[in-house]
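Enquirer: 3D, please:
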Amino acid sequence: MPPPLTTASFICAMNSFAQTCPFQSTETESTRLQMILHSLATDNLSSTSTLALGKYQKLMEEEKLDLISSLPFELQQRIISFLPLKEAVRASVLSTHWKSLWSPIQVSLNFDPNPINHEGSVQEFNQVMGMCMRSYACLEQWKLCLNVVDSNEALILKATKGVDRELHLELFETKKVSRDFKSEPTSTSACLCLHSHHPTQTESFSGVKLLHLRSVTNLTKTLVSEVFSNCHVLESLKLEKCRGLESLDVKTDSLRSLVVADCSNMAAITISAQNIKSFWFHGALPQIITLKNTRSLIDVVLNLKDGPISNEFDCEEILSILFSFKDVEALTISGWLLEWLCSAGVIFGRLDFQFNKLKALTWIDSLIDKDKRDSLACFLNACPLLEKLLVE
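Expert: Down below sits the predicted model:
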């Protein structure tokens, strides 16, 4: 079950709406707004507590109140736009009519997964996404049904757009589609590339600041790459369960945060971003992680729960990765990696670099034995200013 919506954020949204509402609301509508705020501020639901959805619904039933549903659609849409996107989605359960705000706009397109023929599919996709991204005035969901050419199957792309220039793309692919087109020829690299000096090809995505891509596959990588390569003011990027991606290449000063989680085929990550502050990686250790010009980086997570993506890596490669993290203040790292380095003869206290700014270290390991304790102690010799150590 998702975490509950906080009363404070909901009341804040309502108050923000009341102060900035551009509509000429009637006296009756104004009274309704005041009643909603009053009901949320009662002893049962104080503004400092958490809004339990069950309690709210019970209150509505007992007092025969469904004040939100009685508001005009435009007012509901305006109110919900003041909430953070995640809380706005959860708020849909508060009112039957509010759910209609999240009814996705459905579009059906033909899609040819063969890279030789799918240029037309990409252009049509860009046109539809252009309509989706034409404004950030309100929250919207789009559901694109990509009918696979010469097949009865379809790919589903769900796009959720937030008012803070957020774009969340999630793809759904049936096993039959994956099986039927597994052997299709591919001439495109499974790489996401964003270079700020490259000209913008599609203006629709140029204003996106937060991009979340989930479940990108080999079939849909070209569509997603088109979106990504045009996000020239991107500040936050999250890639999740994108097994169709093999590499990530980002060179932009706008990026502040990067999360790569459970992308099983990701073999290379190259980042040049002087304003990036956090880099979180969860999954198998890629063959290449290169961070250049990342002097603002302060928070790094290397949760290598799946081990290395390949057995072919050496100490110099791993030490090069650690060198790029030497100025961070918070580091989370899998213990097996440092244990492996110690077993290969690395003595952290004698390296050419130290973690002189590291204040918080989280050591991830399921079992602590003598060898692991020794490797941890060895690594601590390279952390002279460490203030906090957590083993989990």
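Enquirer: can you give me the strands for the stretch 101-250 of the chain?
Expert: Assigned by DSSP state E, counting those that start in this stretch, the strands in the stretch 101-250 of the chain fall at 105-111, 140-148, 154-162, 166-173, 191-195, 210-214, 236-240, 247-251.
Enquirer: May I have the last one as CSV, with CA atoms only?
Expert: Listed in CSV are the C-alpha atoms of strand 247-251, where the atom choice follows Å, rounded to 0.1, in the frame of the first residue of the first chain:
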residue,chain,number,x,y,z
SER,A,247,25.0,2.3,-21.9
LEU,A,248,24.3,5.8,-20.7
ASP,A,249,26.2,8.9,-21.8
VAL,A,250,25.4,12.2,-20.3
LYS,A,251,27.2,15.5,-20.8
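Enquirer: still on that earlier bit, out of the strands of the stretch 101-250 of the chain, which is closest to N303?
Expert: strand 236-240 (13.5 Å; Cβ to Cβ). Yep, even glycine has a C-beta here, placed from its N, CA and C like the rest.
Enquirer: Contacts for the closest one next, please.
Expert: 192, 209-216, 245, 248, 250, 255-263, 266 (Cβ atoms under 8 Å, 6 or more residues apart in numbering).
Enquirer: Parallel or antiparallel, which strands does that strand pair with?
Expert: strand 210-214 (parallel), strand 257-261 (parallel) (DSSP bridges).
Enquirer: so which strand or helix has F379?
Expert: In the assignment (DSSP states H and E), F379 maps to helix 370-380.
Enquirer: Averaged pLDDT, that helix. What do you get?
Expert: For helix 370-380, the mean per-residue pLDDT is 93.
Enquirer: Next, the buried residues of that helix.
Expert: Buried residues in helix 370-380, counted by 16 or more other Cβ atoms under 10 Å: K372, S375, L376, C378, F379, L380.
Enquirer: now do stretch 323-336
Expert: In stretch 323-336, counting by 16+ other Cβ under 10 Å, buried: 324-336.
Enquirer: mind putting these in CSV, secondary structure included?
Expert: Formatted as CSV, the buried residues of stretch 323-336 follow (DSSP: H, G, I helix; E, B strand; the rest coil):
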residue, secondary structure
S324, coil
F325, coil
K326, coil
D327, coil
V328, coil
E329, coil
A330, strand
L331, strand
T332, strand
I333, strand
S334, strand
G335, helix
W336, helix
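Enquirer: Run through the stretch 201-350 of the chain and note the low-pLDDT ranges.
Expert: Low-confidence segments of the stretch 201-350 of the chain (pLDDT under 70): 201-202, 309-312.
Enquirer: Give me the distance between L389 and F325.
Expert: Distance, L389 to F325, by Cβ to Cβ, to the nearest Å: 17 Å.
Enquirer: would a markdown table of the strands of the stretch 101-250 of the chain with distance to E226 and mean neighbour count be doable?
Expert: Converted to a markdown table, the strands of the stretch 101-250 of the chain look like this (distance: least, Cβ to Cβ, whole Å; neighbours: other Cβ atoms under 10 Å):
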| stretch | distance to E226 | mean neighbour count |
| --- | --- | --- |
| strand 105-111 | 13 | 15 |
| strand 140-148 | 13 | 19 |
| strand 154-162 | 12 | 20 |
| strand 166-173 | 11 | 20 |
| strand 191-195 | 10 | 18 |
| strand 210-214 | 12 | 20 |
| strand 236-240 | 15 | 20 |
| strand 247-251 | 15 | 19 |
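Enquirer: Same list, the ones you listed, but as TSV with distance to I80 please.
Expert: Formatted as TSV, the strands of the stretch 101-250 of the chain follow (distance: least, Cβ to Cβ, whole Å):
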stretch	distance to I80
strand 105-111	16
strand 140-148	11
strand 154-162	11
strand 166-173	14
strand 191-195	31
strand 210-214	18
strand 236-240	22
strand 247-251	32
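Enquirer: OK, contacts around the residue lying closest to L337 once chain neighbours are set aside?
Expert: Among residues not flanking L337 along the chain, L304 sits closest, at 5.9 Å (Cβ to Cβ, 6 or more residues apart in numbering). For L304, the contacting residues are F281, G283, A284, L285, I333, S334, W336, L337, by Cβ under 8 Å, 6+ apart.
Enquirer: Quick one: the buried residues of stretch 323-336 as JSON lines, columns for distance to E87 too.
Expert: Formatted as JSON lines, these follow (distance: Cβ to Cβ, whole Å):
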{"residue": "S324", "distance to E87": "35"}
{"residue": "F325", "distance to E87": "33"}
{"residue": "K326", "distance to E87": "38"}
{"residue": "D327", "distance to E87": "35"}
{"residue": "V328", "distance to E87": "30"}
{"residue": "E329", "distance to E87": "29"}
{"residue": "A330", "distance to E87": "26"}
{"residue": "L331", "distance to E87": "31"}
{"residue": "T332", "distance to E87": "27"}
{"residue": "I333", "distance to E87": "32"}
{"residue": "S334", "distance to E87": "33"}
{"residue": "G335", "distance to E87": "36"}
{"residue": "W336", "distance to E87": "38"}
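Enquirer: Can you tell me which of those residues is nearest G349?
Expert: For these, the residue nearest G349 by Cβ to Cβ is K326; the value is 13.9 Å.
Enquirer: CA atoms only for the helix or strand containing L337, dumped as PDB, please.
Expert: Secondary structure assigned from DSSP H and E places L337 in helix 335-343. Extracted C-alpha coordinates of helix 335-343, given in PDB (Å, rounded to 0.1, in the frame of the first residue of the first chain):
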ATOM      1  CA  GLY A 335      31.200  -4.700   1.100                       C
ATOM      2  CA  TRP A 336      32.100  -7.500  -1.300                       C
ATOM      3  CA  LEU A 337      33.700  -5.000  -3.700                       C
ATOM      4  CA  LEU A 338      36.100  -3.700  -1.100                       C
ATOM      5  CA  GLU A 339      36.700  -7.100   0.200                       C
ATOM      6  CA  TRP A 340      37.700  -8.300  -3.300                       C
ATOM      7  CA  LEU A 341      40.100  -5.300  -3.600                       C
ATOM      8  CA  CYS A 342      41.700  -6.200  -0.300                       C
ATOM      9  CA  SER A 343      42.100  -9.800  -1.400                       C
END
